[in-house]
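**Student:** Quick one, what's the 3D model for this:
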Amino acid sequence: MTKPVDRWDQGYYGNMTEQDDGKFVLYRDYESLRQQLKSSEKELEHQRMRLAACGVVALANTRESAAKQREMLPEYWSASCADICAAIDREMDLREQLEAAKQDKFNARESLAASMITHGFATGHGDTAEDLLAEFISQVMEIKHELEATQTKLHRQAKAYVQQGAQLEAAQQRVAEMSELLSAVTRDSNGDVYCEPVRNSYWFAARDTMLQQAAQEKV
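**Tutor:** Residues are numbered from 1 along each chain as shown. Down below sits the predicted model:
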């Protein structure tokens, strides 16, 4: 004989047999499992939405799109989504730094090219600042070699001018001596033209010759 079981505490009013009690326990467990499944499905859908939010946020690659894509309900925000946002921010920062570096490099190239043209240097086919710098160094070295060759040539010319100056000075000295002799040219009492210094030099020379001959005869 089955024993009546009271289930007032379970929301069941009336007498139940032990067999009925077993069915009630199974039904209660079924309801519990069904509620857990429903809750799990709801949580799974929540996590799916969080995952979708991560994918949407990951597609943003500009400041404007990133700000727009991050507009979401608080329940869809997660730590993983925050990590993705941080990674995207770092990527955008690096991209902006790269663009700034490219712009600085371009400005340096333009400034160098303008300076080279202003000072009479050819830019050649330099597409980058490095190419322009190499072209500039090449032209500077060429100018340096030309200056060295010109310096050597000028040194030789200066040396030749010094030699010519010495020759000119000797010629000027000779001209001065000739001018002095010409100023001493005069006529004697017989009307003959003579130069007193020259005549004296001839007289002294003749005297020296005569003295040498007399000394030789005594010997």
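**Student:** hang on, residue 30 is in a helix, isn't it?
**Tutor:** Yes - the assignment for residue 30 (DSSP: H, G, I helix; E, B strand; the rest coil) places it in a helix.
**Student:** quick one: it from residue 39, how far?
**Tutor:** 15 Å (Cβ to Cβ, to the nearest Å). Glycine gets a C-beta too; all of them are placed from N, C-alpha and C.
**Student:** again with residue 143
**Tutor:** Taking Cβ to Cβ, one finds residue 143 at 85 Å from residue 39.
**Student:** for this structure, what's the longest helix?
**Tutor:** For the chain, the helix with the greatest residue count under DSSP state H is helix 129-183.
**Student:** which helices and strands does it pack with?
**Tutor:** helix 79-118, helix 196-218 (3 or more Cβ pairs under 8 Å, 6 or more residues apart in numbering; DSSP states H and E).
**Student:** Of the ones you listed, which stretch is the most buried?
**Tutor:** helix 79-118 (a mean of 13; mean count of other Cβ atoms under 10 Å).
**Student:** for that one, packing partners?
**Tutor:** Looks like helix 79-118 contacts helix 18-58, helix 63-69, helix 129-183 (3+ Cβ pairs under 8 Å, 6+ apart).
**Student:** got the angle between the first one and helix 79-118?
**Tutor:** With axes from the mean of the first three to the mean of the last three Cα atoms, to 10 degrees applied, the angle from helix 18-58 to helix 79-118 works out at 10 degrees.
**Student:** average pLDDT for helix 18-58?
**Tutor:** Mean pLDDT, helix 18-58: 81.
**Student:** what does the longest one give?
**Tutor:** Here the mean pLDDT over helix 129-183 is 85, rounded to a whole number.
**Student:** Ok, the shortest one next?
**Tutor:** In this model, helix 63-69 has an average pLDDT of 89.
**Student:** Could I have the CA atoms of it written out in PDB?
**Tutor:** In PDB, the C-alpha atoms belonging to helix 63-69 read as follows (Å, rounded to 0.1, in the frame of the first residue of the first chain):
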ATOM      1  CA  ARG A  63      39.500  57.700 -35.300                       C
ATOM      2  CA  GLU A  64      36.000  58.500 -36.600                       C
ATOM      3  CA  SER A  65      35.000  54.900 -37.400                       C
ATOM      4  CA  ALA A  66      36.500  53.700 -34.100                       C
ATOM      5  CA  ALA A  67      34.500  56.200 -32.100                       C
ATOM      6  CA  LYS A  68      31.300  55.300 -33.900                       C
ATOM      7  CA  GLN A  69      31.800  51.500 -33.700                       C
END
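**Student:** Please enumerate residues in contact with that helix?
**Tutor:** 56, 57, 59, 60, 85, 88, 89, 92 (Cβ atoms under 8 Å, 6 or more residues apart in numbering).
**Student:** want to throw the helices and strands packed on helix 79-118 into JSON lines with mean neighbour count and distance to residue 104?
**Tutor:** JSON lines is the format used below for the helices and strands packed on helix 79-118 (neighbours: other Cβ atoms under 10 Å; distance: least, Cβ to Cβ, whole Å):
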{"stretch": "helix 18-58", "mean neighbour count": "12", "distance to residue 104": "30"}
{"stretch": "helix 63-69", "mean neighbour count": "13", "distance to residue 104": "21"}
{"stretch": "helix 129-183", "mean neighbour count": "11", "distance to residue 104": "10"}
